[in-house]
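Visitor: Pasting the sequence and the predicted coordinates here, then a few questions.
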Amino acid sequence: MARTARTAWPLREPLIDGDKTPAEVTIDISRPLEGRPTPLWWAAFLTAVTFLAIGALAVSYQIRVGIGTWGLNRTIGWSFDITNFVFWVGIGHAGTLISAILFLLRQRWRTSVNRAAEAMTLFAVMCAGLFPVIHMGRPWLAFWVLPYPNFRGPLWVNFRSPLLWDVFAISTYFIISAVFWYVGLVPDLATLRDRFKPGFKQRLFSFFSLGWNGALSTWNRYETVYLILAAALATPLVLSVHSIVSFDFATSVVPGWHTTIFPPYFVGGAIFSGMSMVLTLMIIARKTMRLEDYLTHRHIDAMTKLVLATSWMVAIAYATEFFIALYSGNPYERFAFLNRALGPMAWSYWIMVCCNVLVPQIFWFRRMRRALPVVFVATILINVGMWFERFVIITTSLSRDYLPSSWASYTPTLIELATLAGSFGLFFTCFLLFCRFLPMIAMAEVKGVLNAHLRPEHEDAPADPGPVSLELRPEENPT
Amino acid sequence: MSASQLVSIFPGEETVFGAIRELREAGFAIEEVYAPYAVHGLDRAAGLRRSRIGLVTVAAAVIGAIAFYLFQDWVSAINWPLNIGGKPYSSAPAWIPVVFETGVLAAGLTTVLALFIRSGLYPGKKPRLVDPRVTDDRFAVVLDIPHSGFDIDRARRICRRNGAESTAVTPAPEPAKRPRRPPVRSLEVWR
């Protein structure tokens, strides 16, 4: 009976395929957590752990020997690891974008993607945080970046430094994202607690589900808190974090860095690369974990459109900064940009332009948006391009600044490459463990949108539900 | 606190709306509704008001931001004045990014803590479930049965008519029988 009621007036395509009932959602999403992992999962996991081990070896070596093991020189004192830092922070922006900004915009399709995207955010920010800590050279003293009372006389951090702003921005972002993710998980952990047989896992779910029992008074507060976290806190936070990362560069006097366009340019780029990474992971996940009904073609379609839109934001930023550099009349600024496009590292500039501006244009075509192999390859190319964007900004600007006598070039060493590989290893190890031990789709949220296609677009909550259209009339009652 | 409760289980959100509305029209006070997911408008239908937890957020954000503004000023102008590039000791514009971040951090953590305290959620708490299926797909409407003047049959009829799968009278959880809990739970009496 419920099914006939649900399919009565399809106003638009459903968000979830397969005409699922809430119970079926629970079964489908908990399935990967209950059985043994597939051989495919093991293969992916072992590969990721291998990369992680390579990275761990490289990091131990460079901490022991010092960062002289990197390819840096007196001119280029920042290169590979800051590139990786900005790259990973950028990846980490999509989770909050999907959770917070799409939530504000009432994009209900986000419910299938937000949990995994938020997890991705946490892991990406972990990878990002790794690089500045290694770069300190003495990572065991990393806590010196925090302002704490100490016995070294009055000695404090310098609050005027953008690098310190970064410390606050990244750690706040990590903590708030983790809290947001956990709060979203609590109802699902309760579902798993009541579903699993008593045992170790069940005890863990029980411990972390905080005694959740689905009471409406709790749901009422929970929904308010979720809205506050998303709308009032996470949305401005996500915009602030990459703005502050861009201040690391924008507040300096290096030609090519000292521009006011950097904050929106960096935020746009971060969302662009993050959405691409979410798409890459979703395409893998829907195939390997049999979630085709939840991550439908319509989800991929909507996300590729966002990728296309953000690619244009990035393209306009490239054009604007180039135009302003030429138009400024500042010879150093003008040279910095001509050097990017035509100098010895021009190859990296053109990789960036091809991957970030040209490749996404295929998403104008519906057939391309629906062809998963095409989307998969394109999103990987976009992330290659976004990595090179940071490399171009950081390395080419430093390599040739005011004094030609100090110009230099830069080549990464094997140690640096191994560290980058290790960060990918860390990211995928964490992500695969997450897919295995936690519900990668927010069950409680998906259950709430199963009927969304039958409701008017912007349904306001009336004080009294009034004529509830889906109500069963007494004579239809099966009991 | 009454001695027993009427627990009605509903198969889906379509049915529970009608039951709640009819029960309230008939003058029954709804003790609690249990839902597997947040249904748009169900809290209003059950007569719950909007949560005021947002006030906590605003207060925490303001306190976090002001505290860190003052802290940065104290550090940079009073406790350890250091000339950095000839900038004034109290460089207000440079404090803004950290002030923003600490405001957000304080607001976020306090809001979530407020949710947990108000709803009595804490790690390791033993859940008190009216039915194990309410975290899967069933809805439960709970009515308190006072000692006199409660028409159980009428309430049952309304629930049945709206599609309830079962209506059972169960003993209400007595405060004394509840498991031992940390002192923080005493805040729940606010509700």
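Guide: Perfect, thanks for sending it. Numbers count the residues shown, from 1 in each chain, chains lettered A, B, ... in the order given.

Visitor: In chain B, spot the helix with the most residues.
Guide: helix B:92-118 (DSSP state H).

Visitor: mind listing the strands for chain B?
Guide: Here chain B has its strands, by DSSP state E, at B:4-10, B:30-34, B:139-145, B:166-171.

Visitor: Tabulate those strands in TSV, adding columns for mean neighbour count.
Guide: C-beta: built from backbone N, CA, C; applies to glycine. Compiled in TSV, the strands of chain B are given as follows (neighbours: other C-beta atoms under 10 Å in any protein chain shown):
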stretch	mean neighbour count
strand B:4-10	21
strand B:30-34	22
strand B:139-145	23
strand B:166-171	14
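
Visitor: Among these, which comes closest to chain A?
Guide: Proximity of the strands of chain B to chain A was assessed by C-beta to the nearest C-beta; the nearest stretch is strand B:30-34, lying at 4.0 Å.

Visitor: that older thread, including distance to residue A:352 and mean pLDDT, could the strands of chain B go into JSON lines?
Guide: Shown next, in JSON lines, are those (distance: least, C-beta to C-beta, whole Å; pLDDT from 0 to 100):
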{"stretch": "strand B:4-10", "distance to residue A:352": "56", "mean pLDDT": "84"}
{"stretch": "strand B:30-34", "distance to residue A:352": "53", "mean pLDDT": "84"}
{"stretch": "strand B:139-145", "distance to residue A:352": "53", "mean pLDDT": "84"}
{"stretch": "strand B:166-171", "distance to residue A:352": "63", "mean pLDDT": "80"}
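
Visitor: Let me have those strands in JSON lines, extended by distance to chain A.
Guide: Below are these laid out as JSON lines (distance: least, C-beta to the nearest C-beta, whole Å):
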{"stretch": "strand B:4-10", "distance to chain A": "10"}
{"stretch": "strand B:30-34", "distance to chain A": "4"}
{"stretch": "strand B:139-145", "distance to chain A": "8"}
{"stretch": "strand B:166-171", "distance to chain A": "10"}
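
Visitor: Look through chain B and state the residue closest to chain A.
Guide: For chain B, C-beta to the nearest C-beta, closest residue to chain A: residue B:125, 2.9 Å.

Visitor: any idea how far that residue is from residue A:213?
Guide: Taking C-beta to C-beta, to the nearest Å as the measure, residue B:125 falls 9 Å from residue A:213.

Visitor: got it, and residue A:383?
Guide: As for residue A:383, its distance to residue A:213 is 42 Å (criterion: C-beta to C-beta).

Visitor: okay, those two: which has more neighbours?
Guide: Residue environment comparison for residue A:383 versus residue A:213 gives the larger neighbour count to residue A:213, 24 against 21, counting by other C-beta atoms under 10 Å in any protein chain shown.

Visitor: Tell me how many other residues crowd residue B:151.
Guide: Residue B:151 is surrounded by 12 other residues when neighbours are defined as other C-beta under 10 Å.

Visitor: With residue B:49 instead?
Guide: Neighbour number of residue B:49 under other C-beta under 10 Å is 8.

Visitor: Could I get the contacting residues of the closest residue to chain B within chain A?
Guide: Nearest residue of chain A to chain B: residue A:211, at 2.9 Å (C-beta to the nearest C-beta). For residue A:211, the contacting residues are B:120, B:121, B:122, B:125, B:126, B:127, B:128, by C-beta atoms under 8 Å, 6 or more residues apart in numbering or on different chains.

Visitor: Name the nearest residue to it, ignoring sequence neighbours.
Guide: For residue A:211, the nearest residue in space outside its immediate sequence neighbours is residue B:125; the separation is 2.9 Å by C-beta to C-beta, 6 or more residues apart in numbering or on different chains.

Visitor: Tell me the first helix or strand C-terminal of the host helix or strand of residue A:205.
Guide: In the assignment (DSSP states H and E), residue A:205 maps to helix A:200-208. Using DSSP H and E, the next helix or strand after helix A:200-208 towards the C-terminus is helix A:216-227.

Visitor: Next secondary structure after that following helix?
Guide: Per DSSP H and E, the first helix or strand lying C-terminal to helix A:216-227 is helix A:235-250.

Visitor: Mind giving me the packing neighbours of that following helix?
Guide: Counting by 3 or more C-beta pairs under 8 Å, 6 or more residues apart in numbering or on different chains; DSSP states H and E, the packing neighbours recorded for helix A:235-250 are helix A:80-91, helix A:93-96, helix A:162-195, helix A:262-288, helix B:92-118.

Visitor: Buried deepest among the ones you listed, which one?
Guide: The highest mean neighbour count among those, using mean count of other C-beta atoms under 10 Å in any protein chain shown, belongs to helix A:93-96: a mean of 30.

Visitor: Name the surrounding residues that touch that helix.
Guide: Outside helix A:93-96, the residues touching it (C-beta under 8 Å, 6+ apart) are A:114, A:117-122, A:124, A:173, A:177, A:180-181, A:234-235, A:237-238, A:241-242, A:267, A:270-271, A:273-275, A:277-278.

Visitor: What residue spans form the domains of chain B?
Guide: B:4-49+B:131-190, B:54-118 (automatic domain parsing).

Visitor: which of these has the lowest average pLDDT?
Guide: Ranked by mean pLDDT, the domains of chain B end with domain B:4-49+B:131-190 in last place, scoring a mean of 76.

Visitor: Residue 167: what's it in contact with?
Guide: I went with chain A, as the question did not name one. The contact partners of residue A:167, by C-beta under 8 Å, 6+ apart, come to A:145, A:146.

Visitor: not quite, I wanted chain B
Guide: With contact taken as C-beta under 8 Å, 6+ apart, residue B:167 is in contact with B:6, B:7, B:8, B:9, B:155, B:156, B:159, B:160.

Visitor: Need the residue closest to the centroid of chain B.
Guide: When C-alpha atoms, centre = their mean is applied to chain B, the residue found nearest the centroid is residue B:119 (4.6 Å).

Visitor: where does the residue nearest to that one when sequence neighbours are not counted land on pLDDT?
Guide: Take residue B:119 and drop its neighbours on the chain: the residue closest to it by C-beta to C-beta, 6+ apart is residue A:218, 4.3 Å away. We have a pLDDT of 88 for residue A:218.
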